[in-house]
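> I would like the atomic coordinates for the input below:
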Amino acid sequence: MVEERAQRRLAAILAADVVGYSRLMQVDEAGTLATLKARRSEVLQPIVIKHHGRIVKLMGDGVLIEFASAVDAVEGAVQLQEAMDAANLGLPEDRQIVFRVGVNLGDVMVEGSDLYGDGVNVAARLEALADPGSVFVSQTVFSHVKGKAKLDFEDLGEQKLKNMAEPVRVYRVSGTTAPAPRTAAGTSVSLLRPSIAVLPFQNMSDDPQQEYFADGIVEDIITALSRVQWLFVIARNSSFTYKGRAVDVKQVGRELGVRYVLEGSVRKASNRVRITGQLVDATTGAHLWADRFDSALDDVFDLQDRVTATVVGVIEPKLRQAEIERSKRKRPESLDAYDAFLRGLAHSHVFTEASYAQAYQCLQTAIAIDPAYAPALALAALCKVRQCFYGWIPWSEAEVQEAVRLARAAVEAGRDDSVALAHSSGVLAYFGADYDLAISLAERAAVLNPNSAEVRGGVGRTAVLCGLVDDGIRHIKEAMKLSPLDPATYQFCYFIALAHFFAGRFDDAVSWCERAINDNPNYISGHRVLAASLAHLGRLEEAKAAIQRVLALQPNSTIEGAARAGYRKPEHKALWLDGLRKAGLPE
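Numbers count the residues shown, from 1 in each chain. Below is the predicted model of the structure:
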């Protein structure tokens, strides 16, 4: 008997599913099913027909659709997301039906009316990877659609998809990333997940020098909230741009793209601490909760935990206790160590030679009191890297080894502290101490807290230094979303530029360097990468002008100094030094 050969054909496959389907069903099973049924008949089916598609199968909360054309598949996917956004208008969040969509073009096997094979599997994996409300497409789809559809795409780099042997280059259709649904009043709210910004708390202490303590309390609350993985938390660097300003909470919500804003004050007097807080719905200005918490100073960490637990409990009444526990991290053994750390942290946010010297001194005090205080160890290591990098201290083997020692000690003391791991991974990578360990630490930090701009930025920097350039770009762009008003955005732009440079995408590198330099004209690193990129593009006069700017900012800059940077891949370092030589940097 001759075995029947499977029928095959090339097809564009769209896979979609409902975000948070289980949660929606728990809230209102009958209502969710009725709404989903209506969306399929009133929104999905007309779009499929319009774009000449065929619904292959419905799978509970998902759908698989076949198109003969990649253009029809992508345009249909975008129209679907726009129509779903419109259909959600005015509905409460617990009634909104939101899709994530993946589109692939590939070979499929046909069995009756069903389809199988890698062409389908890749679409399903893209859908699982996609952001809520977005459309992710494969390289094959992008290649067929580019120039044929009036759409823009964001290159997310090569992604390792589950059960796929080879990585797939993925693109996001611009304008489909987590669209913000609107209330009846037209105010934007977060679609991805509940979102919050914690504004700087007012220092109510008699001593204005206690400002660092109030800021430190807020930073700890932001860190704790960011570890609640369903909560989108704006980074400290963005929320603190409102420090010292009278603000309109609704305006803050619009500018930062958040639903909730937490305000408050801290009073520290003698051995007592009082924290007051109020949670405001930024879409309406309504006060959802206000309270005050008093305790002895030695219970300050319990106070922070109570504030965090109360805030997340108000936002999500059914919050699991496990999420509250997740938000906690190892505390220092001594309040004196904590106080010294907060002083060092405050100084570290000011990028000057004198401030970093003060930061390092405070952190050394904290470490002397508590040698296993992971946040202090990691921040001290990072401070030393930056002091060497900016020429604020002599770059010597002794300084390098001390930074590496601090980073390793931080890892040993804080294996579950995502910020400590992210900082330590960067130190180990930059000084070339242990690239494999650096990558491992960065990956663990990202798993522990993917919702922190500080963590995602640190993970991205480590990835770039270790040669994982597209991973680095992805993490850093996520950090930029989490901190949209960050005063140090120029550093994010620089590392994206460096990643493009290593990948040989010199035009992109120039573009990102220009963004970094526009934000901070005195940022020497941006001028260095700009010079090397222009040199490789053959724009030598512009490259030489960029090097002259480097030498004006740091007259002792040399090829020898540039060669110290801990780039893992020899070809990346060779490309880097060759570009700087062509641009005219002295040996």
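
> tell me which element the closest residue to I517 other than its chain neighbours is part of?
Distances taken as C-beta to C-beta, 6 or more residues apart in numbering put G526 closest to I517, at 4.6 Å, once the chain neighbours are dropped. Bear in mind the C-beta positions are built from the backbone N, C-alpha and C, glycine included. Taking DSSP states H and E as the criterion, G526 maps to helix 524-536.

> which residues are in contact with that helix?
390, 490, 493-494, 497-498, 501, 506, 509-510, 513-514, 516-517, 520, 540, 542-544, 546-547, 549-550, 553-554, 557, 562, 575-576, 578-580, 582-583, 585 (C-beta atoms under 8 Å, 6 or more residues apart in numbering).

> stretch 342-351 too?
Counting by C-beta under 8 Å, 6+ apart, 211-213, 215-216, 219, 237, 355-356, 358-363, 365-366, 376, 379-380, 382-383, 386, 488 sit against stretch 342-351.

> mind running it again at 7 Å?
By C-beta atoms under 7 Å, 6 or more residues apart in numbering, the residues outside stretch 342-351 that reach it are 212-213, 215-216, 219, 355-356, 358-359, 362-363, 366, 379, 383.

> likewise stretch 39-52?
So stretch 39-52 is contacted by 55, 63, 65, 67-68, 72, 75-76, 79-80, 83-84, 87, 97 (C-beta under 7 Å, 6+ apart).

> just the buried residues of those residues.
Among these, the ones that count as buried by 16 or more other C-beta atoms under 10 Å are 55, 63, 65, 67, 72, 75-76, 80, 83-84, 87, 97.

> out of those, list just those in strands.
Among these, the residues falling in strands (DSSP state E) are 55, 63, 65, 67.

> bridged to A290, which residues?
Under the criterion DSSP bridges, A290 forms beta bridges with Q278.

> that one against V280, yeah?
No. Applying C-beta atoms under 7 Å, one finds A290 not in contact with V280, separated by 9.1 Å.

> just give me the neighbour total for R272.
As a burial measure, R272 scores 12 neighbours (other C-beta atoms under 10 Å).

> partner residues bridging it?
Beta-bridge partners of R272, as defined by DSSP bridges: A269, A296.

> before we move on, what about R169?
Those that pair with R169 in a beta bridge, by DSSP bridges, are E158.

> please apply the same query to the one 4 residues further on.
Using DSSP bridges, the beta-bridge partners of V173 come out as F153.

> if I look at it, how far off is E82?
11 Å (C-beta to C-beta, to the nearest Å).

> which one of the two has more residues nearby?
For V173 versus E82, neighbours defined as other C-beta under 10 Å are more numerous around V173 (26 against 16).

> I'd like the distance between the residue nearest to D72 when sequence neighbours are not counted and R172.
In this structure, D72 finds its nearest non-sequential neighbour in H51, 4.1 Å apart by C-beta to C-beta, 6+ apart. Counting by C-beta to C-beta, the gap from H51 to R172 is 20 Å.

> higher neighbour count, these two?
Each of H51 and R172 has its neighbours counted (other C-beta under 10 Å); H51 has more, 22 against 19.
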